[in-house]
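Could you work out the structure for the sequence below:
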Amino acid sequence: MSTRTAATPAGRIAAASFVGTAIEWYDYFIYGTASALVFNEVFFPDNDPLVGTLLSFATLAVGFIVRPLGAIVFGHFGDRWGRKSTLVVTLLAMGIATFLIGVLPTYATLGVAAPILLVVLRLIQGLAVGGEWGGAVLIATENAPERKKTLYGSFAQFGSPGGLLMATVMFTVLSNTVSVDSMQSWAWRVPFLLSALLVPLGLFIRLKIAETPEYAKAAEHHEQARVPFLRVLTKEFRPALVGTLSFTGVFLTYYLLTSFVLTYATKTLQMPTSITLPANLIAAIVEGAFIYVGVLLAKRMTARSVAIVSAFGLLVWAAPAFALMHTREPFLLYVAVGVAMVFVGASYGVLAGEVAELFTREVRYTGTSLCYHLAGMIGGGFGPIIATYLLSRTGSSWPVAMLTAVVSLLMALACFALPKRESMRGQLPAKAEASA
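Numbers count the residues shown, from 1 in each chain. You can find the predicted model right below:
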């Protein structure tokens, strides 16, 4: 029986990659925001505030740690049995886990069972995200014309700032309309419960897309790897290392300047959440804008060059960013976050297509997902914990800035190892180039 599928319109591909990913990241980011603002009081109330914050970030890290496992498990299904069906399962799993967090009893009701159940649901979230992103990228890039892989890969990348924007707007509205007591007693649940309304939208869009032509061709010729993860480890390890390091600097900077900074600015610098939460809005808007700018620049100077320049930008900006935060001036805090997101967005937008093309199509779902989520585990999972520890030991943010700079340097070196592709400039007919 043939597995060939009809072509999916570009607009539907973009919607399937963006909307589903935005919903998944919304679910993920509301947890990160709640960890910074609420969970240390709701689920760990018997501890010192700093210890409670560390434990809260530890539950956040659990989701990151399990994400590579999700990449392996769902990557196996995606490489063996198809991108589309795997994406439907990951979206359902994320939505159900997020809704259950919204109805989870707190420590005051269940005692120690409450944080344990929170960790279990966070594990499910992490597994789901582990399989989500790689499939969303491949739905786009494997439907893309050869010279538009970077553009189509960026569709999924817009889901991250989109999800962060939705999550931050929800918590900003709540923090400005309800009291602190109300936030800790019931209002924090609202963003989690709203996931029940968003997931059906994502499912509807994803069920309307066809399987990708590249997977259909591989399936028709029985070219799938028997165990994709082992194939990546044994035969495609170098691309996996390059892809992981390329993303690590992006993730570390991103999560330090969103989740960690919320805690640092409110707990250490004594800035109110009415000032710190808008920093995440600025982060989402700037990141989204520069994902697009990065893709435009890649047409003229190659995606690899955009990633390299962005990595050095993150390195140079690390120290000034934390120095500006120490002024406690809201505008300078926003500048610190906004400039960092210029480099995060530009590199994040182009890396999806570049990393996906590092792998053969037989293991592309597993390899691409593994790179992304190993980097997420290192930069986003361990990053805030290490930063909080360094802050508690030294009382200064300079070690955190140095950590950011070192990881950004490793990212730059990895980006030099990305394949050298020609830019689209000069290769297109004059009319098409003018349109681009």
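
List the buried residues for the strand or helix carrying residue 316?
Taking DSSP states H and E as the criterion, residue 316 maps to helix 303-325. Buried residues in helix 303-325, counted by 16 or more other CB atoms under 10 Å: 303-315, 317-318, 321-322, 324-325. No exception for glycine: its C-beta is placed from N, CA and C like everyone else's.

orientation of the helix or strand following it relative to helix 303-325 in degrees?
From helix 303-325 onward toward the C-terminus, using DSSP H and E, the following helix or strand is helix 330-356. Calculated by axes from the mean of the first three to the mean of the last three CA atoms, to 10 degrees, helix 330-356 forms an angle of 160 degrees with helix 303-325.

Give me the distance from stretch 12-27 to the chain's centre.
Relative to the chain's own centre, stretch 12-27 is displaced by 12 Å; criterion: CA atoms, centre = their mean, to the nearest Å.

How far does stretch 228-238 sit from its chain's centre?
Here stretch 228-238 is found 23 Å from its chain centre; the criterion is CA atoms, centre = their mean.

thought residue 183 was touching residue 173?
No. Residue 183 is not in contact with residue 173 according to CB atoms under 8 Å; the separation is 11.3 Å.

With neighbour numbers in mind, choose between the two.
residue 183 (22 against 14; other CB atoms under 10 Å).

ok, and for the helix or strand hosting that one, which residues are buried?
Assigned by DSSP H and E, residue 183 belongs to helix 180-185. For helix 180-185, burial by neighbour count (16+ other CB under 10 Å) applies to 183, 184.

pLDDT (mean, whole number) over the very next helix or strand once past that helix?
The helix or strand immediately downstream of helix 180-185 is helix 190-193, counting by DSSP H and E. For helix 190-193, mean pLDDT rounds to 93.

just stretch 26-43 next, same as before
When pLDDT is averaged over stretch 26-43, the result is 81.

And it, end to end?
Across its full length, stretch 26-43 reaches 21 Å between end residues, using CA to CA, to the nearest Å.

centre of the chain versus that stretch, how much separation?
Here stretch 26-43 shows a centroid-to-chain-centroid distance of 16 Å under the convention CA atoms, centre = their mean.

Backbone dihedrals for the most centrally placed residue in the chain, please?
Geometric centre of the chain, nearest residue: residue 160, 5.5 Å, by CA atoms, centre = their mean. Phi and psi for residue 160, reported as degrees, to the nearest 10, are phi -70, psi -60.

Repeat that for residue 361.
Per degrees, to the nearest 10, the backbone of residue 361 is at phi -70, psi -20.

And for residue 225?
phi -70, psi 140.

That one reaches residue 362, doesn't it?
Yes. Counting by CB under 8 Å, residue 225 does reach residue 362; the two are 4.5 Å apart.

helices or strands up against the helix holding residue 316?
If you count contacts as 3 or more CB pairs under 8 Å, 6 or more residues apart in numbering; DSSP states H and E, helix 303-325 packs onto helix 237-255, helix 273-301, helix 330-356, helix 398-416.

Now mean pLDDT too, for these, in a markdown table please.
Below are the helices and strands packed on helix 303-325 laid out as a markdown table (pLDDT from 0 to 100):
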| stretch | mean pLDDT |
| --- | --- |
| helix 237-255 | 93 |
| helix 273-301 | 89 |
| helix 330-356 | 93 |
| helix 398-416 | 93 |
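
just so I know, which of these lies nearest residue 133?
Evaluated with CB to CB, the helices and strands packed on helix 303-325 place helix 330-356 nearest to residue 133, the distance being 8.3 Å.

Can you name every helix or strand that that closest one contacts?
Applying 3+ CB pairs under 8 Å, 6+ apart, one finds that helix 330-356 makes contact with helix 113-141, helix 149-157, helix 237-255, helix 273-301, helix 303-325, helix 364-376.

model confidence over the second one, on average?
In other words, helix 149-157. 89.

Determine how far that helix lies from the middle of the whole chain.
Centre-to-centre, helix 149-157 and its host chain are 14 Å apart (CA atoms, centre = their mean).

Which residues does it contact?
Applying CB atoms under 8 Å, 6 or more residues apart in numbering, the contact partners of helix 149-157 are 10, 13-14, 17-18, 21, 133, 136-137, 139-141, 143-144, 291-292, 294-295, 298, 303, 348-350, 352-354, 356-357.

Show me just the buried residues among those.
With neighbours counted using 16+ other CB under 10 Å, the contacts of helix 149-157 contain these buried positions: 10, 13-14, 17-18, 21, 133, 136-137, 139-141, 143-144, 291-292, 294-295, 298, 303, 348-350, 352-354, 356-357.

re the thing from before, what secondary structure does the closest residue to the residue nearest to the centre of the chain other than its chain neighbours sit in?
Spatially, and ignoring its direct neighbours in sequence, residue 160 is nearest to residue 25 (5.2 Å; CB to CB, 6 or more residues apart in numbering). On the three-state scheme (DSSP: H, G, I helix; E, B strand; the rest coil), residue 25 is labelled helix.

Against residue 204, how distant is residue 375?
31 Å (CB to CB, to the nearest Å).

out of the two, which sits in the more crowded spot?
More crowded of residue 375 and residue 204, by other CB under 10 Å: residue 375, with 29 against 10.

Go ahead and confirm the more buried one touches residue 245.
Yes. Residue 375 lies in contact with residue 245 (CB under 8 Å); the separation is 7.5 Å.

So the residue nearest to the centre of the chain versus residue 98, what's the distance?
Between residue 160 and residue 98 the distance is 16 Å, computed by CB to CB.

Ok, residue 10 next?
Between residue 10 and residue 98 the computed distance is 30 Å (CB to CB).

What pLDDT is listed against residue 427?
You'll see residue 427 listed with a pLDDT of 39.

next one: residue 67
At residue 67, the model reports a pLDDT of 90.

what's near enough to touch it?
Residue 67 makes contact with 126, 127, 129, 130, 373, 376, 377, 381 under the criterion CB under 8 Å, 6+ apart.

For residue 240, state which of those residues is nearest.
For the contacts of residue 67, the residue nearest residue 240 by CB to CB is residue 373; the value is 11.4 Å.

How much space separates the nearest residue to the closest one once chain neighbours are set aside from residue 324?
Nearest residue to residue 373, sequence neighbours excluded (CB to CB, 6+ apart): residue 67, at 3.8 Å. Using CB to CB, residue 67 is found at 31 Å from residue 324.

ok, now residue 103?
Taken as CB to CB, the span from residue 103 to residue 324 is 40 Å.
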